[in-house]
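Chemist: structure for this input, please:
(chains A, B, C and D)
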Protein chains: 2
Amino acid sequence: MTASSPEGAKTSDLDLIDGLMQLSFIVQAILGRLAGEQGLSVTQLRMLAVLDDREIGMRQLAGILELEKSSVTGLVDRAERRGLVRRIAVPGNRRAIHVTVTDAGRAVVHLVREAVRTEIGQLAGTLSDSRQDSFRRSVEALIRHYVTQHAIPL
Amino acid sequence: MTASSPEGAKTSDLDLIDGLMQLSFIVQAILGRLAGEQGLSVTQLRMLAVLDDREIGMRQLAGILELEKSSVTGLVDRAERRGLVRRIAVPGNRRAIHVTVTDAGRAVVHLVREAVRTEIGQLAGTLSDSRQDSFRRSVEALIRHYVTQHAIPL
DNA sequence: ACGTACTGTTGGTGTCACGAACCAAAATAG
DNA sequence: CTATTTTGGTTCGTGACACCAACAGTACGT
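Modeler: Sure, this is the predicted structure:
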């Protein structure tokens, strides 16, 4: 692992795999920093992002985030304490609950989302348009391949 | 952030930025899983990988990992307790120390490294050779751009 | 109605990361 | 050559995060 951190980056002699690893660390670092600026962890961001779309129960949320249910309980607890998220009762099922983003939560998530888009977009903007598109298609292919291969829930 | 987790992946409608985010989560997930199989966290893996090359002090290590020195103290503590790493005195400087990987540590790191290479390699192998090379060059360009833009230590 | 399966929570443990305070050695100033 | 400042590392306290095992209550099949 010559390529394990953004700074450890030797900017030379990188094969695809090392490159992918480095790149993942870079993206995560950016995400972490921008989320952090809004007082969010990457996990919290991820959760809010998931909930931005849908409104689901703890169980499903855990599934999507690939976390243990108990972990999600804590995650939601903290987010709820900050008023980013709410637990709402599911009518007709007294044991299940649904988690929803509050307006505040939505605001924060969109704020971070924008910041991420500009920052990563800026980075990607250094590639020529054709290169960019080719790159995008490759990324898409990798993701598609991964998700299909990994029999993923929801 | 439609694209926040490997499973949240909609496999469609992904632009470059969402794709990059998703991909970073996928890579991190793979790293986390494979490292975890050897009882390592991603951070530990990263540290060991860094030390595999060089032999440096706590300060530098913190710099490379982008962590606070105090965090690194704990990190090294735990790794040392597991016999993966050692603190050695620096001759001629009685306050500085150097951290080195033990044989055991090296063994583990290489083991994980191999696993990662095969797994990610397998993923990347689904791209045609020419696409793969183009992709690699783009990744390289992004990394290079990032590191230069971010005035990175060492 | 009984037992089983499911949803979510609790409690305990360990890792990770931070900041502030601190120590001791080293470098620098005067 | 002392006095001050800087530097390398550690300690301590705090909080987030994630896991596991155990639990409570609800839903459901038969």
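
Chemist: surely residue A:35 is in a strand?
Modeler: No: per DSSP: H, G, I helix; E, B strand; the rest coil, residue A:35 lies outside any strand segment and is helix.

Chemist: that one contacts residue A:44, correct?
Modeler: Yes: using Cβ atoms under 8 Å, residue A:35 is in contact with residue A:44, at 7.1 Å. The C-beta positions use only the backbone N, C-alpha and C, and glycine is treated the same way.

Chemist: what residues does chain A put near DNA strand C?
Modeler: Counting by Cβ under 7 Å from any atom of the strand, the positions of chain A adjacent to DNA strand C are A:57-60, A:69-70, A:72-74, A:76-77, A:87, A:90, A:95-98.

Chemist: point out the ones among those residues that are inside helices.
Modeler: A:58-60, A:69-70, A:72-74, A:76-77 (DSSP state H).

Chemist: now which of the residues you listed would you call buried?
Modeler: Among those, those buried by neighbour count (16 or more other Cβ atoms under 10 Å in any protein chain shown) are A:58, A:60, A:72, A:76.

Chemist: how about those residues in CSV, adding pLDDT?
Modeler: Formatted as CSV, these follow (pLDDT from 0 to 100):
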residue, pLDDT
A:58, 97
A:60, 95
A:72, 98
A:76, 97
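
Chemist: pick out the most distant pair among those residues.
Modeler: The span of those, defined through Cβ to Cβ, is set by A:60 and A:76 at 12.4 Å.

Chemist: return the member of the buried ones among the ones in helices among the residues of chain A next to DNA strand C nearest to chain B.
Modeler: Of all those, residue A:60 has the smallest distance to chain B: 10.2 Å, by Cβ to the nearest Cβ.

Chemist: which of the helices or strands spans the most centrally placed residue in chain A?
Modeler: Compute the mean C-alpha point of chain A, and by Cα atoms, centre = their mean the closest residue is residue A:46, 4.0 Å away. Assigned by DSSP states H and E, residue A:46 belongs to helix A:42-53.

Chemist: let me know the pLDDT of residue A:146.
Modeler: As predicted, residue A:146 sits at a pLDDT of 87.

Chemist: still on that earlier bit, which helices and strands sit right next to the helix holding residue A:46?
Modeler: Helix A:42-53 sits against helix A:16-37, helix A:58-65, helix A:69-81, strand A:85-90, strand A:93-101, helix A:103-124, with contacts defined as 3 or more Cβ pairs under 8 Å, 6 or more residues apart in numbering or on different chains; DSSP states H and E.
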